[in-house]
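Participant: need coordinates for the following:
(one chain, ligands or ions: 1)
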Amino acid sequence: MKSYEKLLEGNKLWAEEITQLDPEFFKRLEALQQPNFLWIGCSDSRVPANEITNTRPGEIFVHRNVANLVVNTDLNLLTVLHYSVEILKVKHIIICGHYGCGGVKAAMTNNDYGIINKWLLNIKDIYRLHKTEVDTLGTEQERYDRMVELNVREQVINLAKTSLIQKCWKEEQRPFLHGWVYSLGNGILKSILEMPPGSAIDPVYQFENL
Ligand code: CO
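Facilitator: Purely as a prediction, here's the structure:
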């Protein structure tokens, strides 16, 4: 069997199994998606949103990119964010990073990765912002791990910087923002930062007259 054929075979088995357990499952989802969560995670194949949270299709709206970044000029991310907040009306947004993230590691080097440099620049900026703290850590591993956590933290703050989130916080007291880090080593998610609706943000980022 060719490698990709395994996927199509796997799909048949999966669909049969679900239909046996819950005959209406696909009909229900066909009619409507009502996820409570938006997940912004890393593209890394080892960190699939549904599997690691033990959830099923229909429960999480997902956006993934290299190193789970929230970049304010990224039309793709902004479209997903806008759609999930305004139309799907999600109650929670989760930024999920992971230890051992290749994107964060690459950003900490001086290697030239071509066009990827431009994306990684966002992570280099975070390192510069937290250089004093990161550089006190003794080992390279500790510095990478801390950078993964700080990256998640800054991406949650990037969400809170948007007028979209600030407006929704004010008018509808949602969404709750979460920053999590996943361990490839034991499969466990750890909370790094929580920003409930109305959380304080640096005044320079606050919009008036929303
Ligand atoms: Co990654």
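
Participant: what's near enough to touch the residue nearest the centre of the chain?
Facilitator: By Cα atoms, centre = their mean, the chain has its centre lying nearest to Ile40, at 2.1 Å. By Cβ atoms under 8 Å, 6 or more residues apart in numbering, Ile40 lies in contact with 63-65, 68, 70, 77, 80, 93-96, 155. To be clear about C-beta, it is placed using only N, CA and C from the backbone, and glycine gets the same treatment.

Participant: can we see that at 10 Å?
Facilitator: In this structure, Ile40 makes contact with 49, 61-65, 68-70, 77, 80-81, 84, 93-97, 152, 155-156, 158-159, judged by Cβ atoms under 10 Å, 6 or more residues apart in numbering.

Participant: and those, which of them are in strands?
Facilitator: 61-65, 93-97 (DSSP state E).

Participant: looking at those residues, which is nearest the ion?
Facilitator: The ion lies nearest to Gly97 out of the ones in strands among the contacts of Ile40, by Cβ to the ion, at 7.0 Å.

Participant: residues contacting the residue nearest to the closest one when sequence neighbours are not counted?
Facilitator: The shortest distance from Gly97 to any non-neighbouring residue, by Cβ to Cβ, 6 or more residues apart in numbering, is to Val152 (4.1 Å). Listed by Cβ under 10 Å, 6+ apart, the contact set of Val152 reads 40, 42, 67-68, 94-98, 101, 104, 126, 178-182, 190-193.

Participant: repeat that for Glu9.
Facilitator: The neighbourhood of Glu9, defined by Cβ under 10 Å, 6+ apart, consists of Met1.

Participant: what helix or strand is it on?
Facilitator: According to DSSP states H and E, Glu9 maps onto helix 3-21.

Participant: other SSEs contacting the helix or strand just after that helix?
Facilitator: Following helix 3-21 in sequence order, the next helix or strand is helix 25-31 (DSSP H and E). If contacts are counted by 3 or more Cβ pairs under 10 Å, 6 or more residues apart in numbering; DSSP states H and E, helix 25-31 sits against helix 3-21.

Participant: for the helix or strand Lys118 falls within, which positions count as buried?
Facilitator: Secondary structure assigned from DSSP H and E places Lys118 in helix 116-129. Neighbour-count burial for helix 116-129, counted by 16 or more other Cβ atoms under 10 Å, picks out 119-120, 122-123, 126-127.

Participant: out of the contacts of Val152, which are inside helices?
Facilitator: Under the assignment DSSP state H, the contacts of Val152 contribute 104, 126 to helices.
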